[in-house]
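K.L.:
fold the following and give me the result.
(2 chains)
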Protein chains: 2
Amino acid sequence: MSNPEQELIQTYFAPLAGDGAAGLMDDAATWVPAPGMDTVLSTDTLVAGVHFIGDEPADLIARKALRVNFSDLVAKGAAPCGYLVNLGLTTAQDHGWLKQFSEGLARDQEEFNCKLLGGDTVSTPGPLTLSITAIGEVPSGKVVRRGTARAGDVLYVTGTIGDSALGLEVLKGRCKSVDDAYLIDRYRLPRPRTECLPLIREFASAAMDVSDGLIGDLEQLCLASGVGARVNADLVPVSEVVGSLAALDPGVLIRALTGGDDYEILFSVSYKKADAFEAACTLDVHNIGELVDGTGVAVSTTAGEAIEFPSTSWSHFD
Amino acid sequence: MSNPEQELIQTYFAPLAGDGAAGLMDDAATWVPAPGMDTVLSTDTLVAGVHFIGDEPADLIARKALRVNFSDLVAKGAAPCGYLVNLGLTTAQDHGWLKQFSEGLARDQEEFNCKLLGGDTVSTPGPLTLSITAIGEVPSGKVVRRGTARAGDVLYVTGTIGDSALGLEVLKGRCKSVDDAYLIDRYRLPRPRTECLPLIREFASAAMDVSDGLIGDLEQLCLASGVGARVNADLVPVSEVVGSLAALDPGVLIRALTGGDDYEILFSVSYKKADAFEAACTLDVHNIGELVDGTGVAVSTTAGEAIEFPSTSWSHFD
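P.N.:
From the prediction side, this is the model:
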């Protein structure tokens, strides 16, 4: 009676289903946000060999796919609530893989207090492909956009930049650091900055998450807002590991600033609110520069030396 | 400043963007349903070579991907409003392909009165892969489920069954009919039955769309509802073309009843409401049987001859 696709869904995914998902025995989910909240939708596709190496443990693949989307939501001031998952499976994804994948989802559902609402599972002759559509909530009318920054706003970024890009270099055997495990973990498991949600909602004039490289993403924020930016590279927060690599090779800083996969939040705060923001902020957030009239992103050191980039971000379509 | 991925999005997709999509220059979309309406979400992935042949015109690929999702929404009593599109592109999808693809989306946006809200575009070494997440609205609390049918309910299906499965046979050179173009068109371009929305909302006790084969999908509806079904194969509506093929080869009827890709709506109506429904219904809807106590789907002819099926539906994971 029940077909193999349905059995797979019932075994591995139905236990993760939330209200509105009808136990994953239906064609569609219903979604009703809490009163006073708007729905925010973000979707990202990850392809094995392109967005991850492919031999990572399945639970980490699941968690990374969820988290890159949750990171987008957080940058918009939205708290993650639910998600849809589209899986294009190859013959390499056996029951053991699916079990581990669903355990990864379960773990992050708990960590981020959200539920599976639906999805689709198909077979593909190509590489493993997964799309997550994340569903979040933001107080009505209060979504934080990319295109709403103004000249004069102060620029901030959360966490540390470049760990993930260097982690990928380590995994590819092109780099050796004092703490490879830390860098690899940063590459494999993004940390959506949900702890910053109250501050982003209250203070950010514009925000986005850093997924394709800090400088290239900042260029996108500037383009959308019709402003330029000045960044002091010495103020960009880096971990001790990246700092020690950069001390040996100046190319490491370039890689850190443009490498991507950081999943930190880049945001601006109006000059008038910046003092209040810094007084209220007890989190790991750093001022890295400011927005200015004009276009483009100028990066220099404290000593005033300009830094040029061969390419400011990673793109699928060069 | 703007990277190639962003340029591609701005050229082909930004003109399709609706309210809440921020011109596709942001990480996420906002979605607010009309007052008194709940949101319904459906998502389907299509892989070239699996769900479509791959050499179809790009506008038809776009429209089929949208429509298989809109069909899911309609089966839930929800009107399509918007969608997200995730594209995994190979090197074969050049600018001409993308232009044609976006024209297909534009055409169906107009036909179904809905807008693009967001998505993601990545490169893949595998086959062209696209996922659509469709966003619809249903009056609050009135979603029509699969699992809410009862024994005694009357069973209906819209349109005609089997055209699409036979269209695929024609495309594969395994079948020749009196109107191949009709069958191929039915395979390539599903017709979500939005015209049936008022009736489904008012009368259906349960509903689903027929995507994996009428009998197999009915088994799923029965399983979810905890009932069995009796179907009279002679009452299942088929087109003249399929009827003439079936007259020559009894295997055609089996193929029609289990082949899939129909995107018609299968639904049940309580016995008490069936007369009122049939009086109200001026659309192309046919009574094909009834739901009964028990499990499983029994199919027979008017003469009482039982019909057996080697396999009742198409699955990705046999």
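K.L.:
number of nearby residues for residue A:164?
P.N.:
When neighbours are counted by other CB atoms under 10 Å in any protein chain shown, residue A:164 registers 26. C-beta here means a position set from N, CA and C on the backbone, and glycine is covered the same way.
K.L.:
which residue sits closest to it, ignoring its sequence neighbours?
P.N.:
Here the nearest residue to residue A:164 in space, its sequence neighbours aside, is residue A:261; by CB to CB, 6 or more residues apart in numbering or on different chains that works out to 3.8 Å.
K.L.:
what does the host helix or strand of residue A:186 rub up against?
P.N.:
Residue A:186 is part of helix A:180-188, with elements assigned from DSSP states H and E. When contacts are defined by CB atoms under 8 Å, 6 or more residues apart in numbering or on different chains, helix A:180-188 is touched by residues A:52, A:56, A:60, A:64, A:163-168, A:170-171, A:177, A:239, A:241-242, A:261.
K.L.:
switch to 6 Å and redo it
P.N.:
If you take CB atoms under 6 Å, 6 or more residues apart in numbering or on different chains as the criterion, helix A:180-188 is touched by A:60, A:163-164, A:166-168, A:170-171, A:177, A:241.
K.L.:
buried sites along that helix?
P.N.:
A:180, A:182-184, A:186-188 (16 or more other CB atoms under 10 Å in any protein chain shown).
K.L.:
next SSE after that helix?
P.N.:
Taking DSSP H and E, what comes next after helix A:180-188 is helix A:197-203.
K.L.:
can you give me the buried ones in that next one?
P.N.:
A:197, A:199-201, A:203.
K.L.:
same deal with stretch A:30-50?
P.N.:
A:30-31, A:33, A:37-48, A:50.
K.L.:
tell me the phi and psi of the residue nearest to residue A:164?
P.N.:
phi 70, psi 20 (degrees, to the nearest 10).
K.L.:
show the pLDDT at it.
P.N.:
You'll see residue A:261 listed with a pLDDT of 94.
K.L.:
run a quick neighbour tally on it.
P.N.:
23.
K.L.:
go on, the one 4 residues further on?
P.N.:
By the other CB under 10 Å criterion, the neighbourhood of residue A:265 contains 26 residues.
K.L.:
what sits up against the helix or strand hosting it?
P.N.:
If you go by DSSP H and E, residue A:265 is part of strand A:264-269. Under the criterion CB under 6 Å, 6+ apart, residues A:75, A:149, A:153-159, A:193, A:196, A:203-210, A:277, A:291 lie in contact with strand A:264-269.
K.L.:
quickly run through the sheet partners of that strand, with directions.
P.N.:
strand A:154-158 (antiparallel), strand A:204-210 (antiparallel) (DSSP bridges).
K.L.:
in TSV: these, plus mean pLDDT, distance to residue B:99 and mean neighbour count.
P.N.:
Shown next, in TSV, are these (pLDDT from 0 to 100; distance: least, CB to CB, whole Å; neighbours: other CB atoms under 10 Å in any protein chain shown):
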stretch	mean pLDDT	distance to residue B:99	mean neighbour count
strand A:154-158	98	37	25
strand A:204-210	98	28	26
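K.L.:
out of those, which comes closest to residue A:305?
P.N.:
Nearest to residue A:305, of all the strands paired with strand A:264-269, is strand A:154-158, at 19.3 Å by CB to CB.
K.L.:
quick check: phi and psi on the closest residue to chain B within the stretch 1-150 of chain A?
P.N.:
Nearest residue of the stretch 1-150 of chain A to chain B, counting by CB to the nearest CB: residue A:126, 1.6 Å away. Backbone torsions of residue A:126, given as degrees, to the nearest 10, read phi -90, psi -170.
K.L.:
does it touch residue B:128 like I think?
P.N.:
No - the pair residue A:126 / residue B:128 is not scored as a contact, 8.9 Å apart, by CB atoms under 6 Å.
K.L.:
tally of neighbours for residue A:278?
P.N.:
14.
K.L.:
is it in a helix, a strand, or coil?
P.N.:
Secondary structure, DSSP: H, G, I helix; E, B strand; the rest coil: residue A:278 is helix.
K.L.:
state the helix or strand in which the closest residue to it other than its chain neighbours lies.
P.N.:
Spatial nearest neighbour of residue A:278, excluding adjacent residues (CB to CB, 6+ apart): residue A:287 at 7.8 Å. Using DSSP H and E, residue A:287 sits in strand A:285-292.
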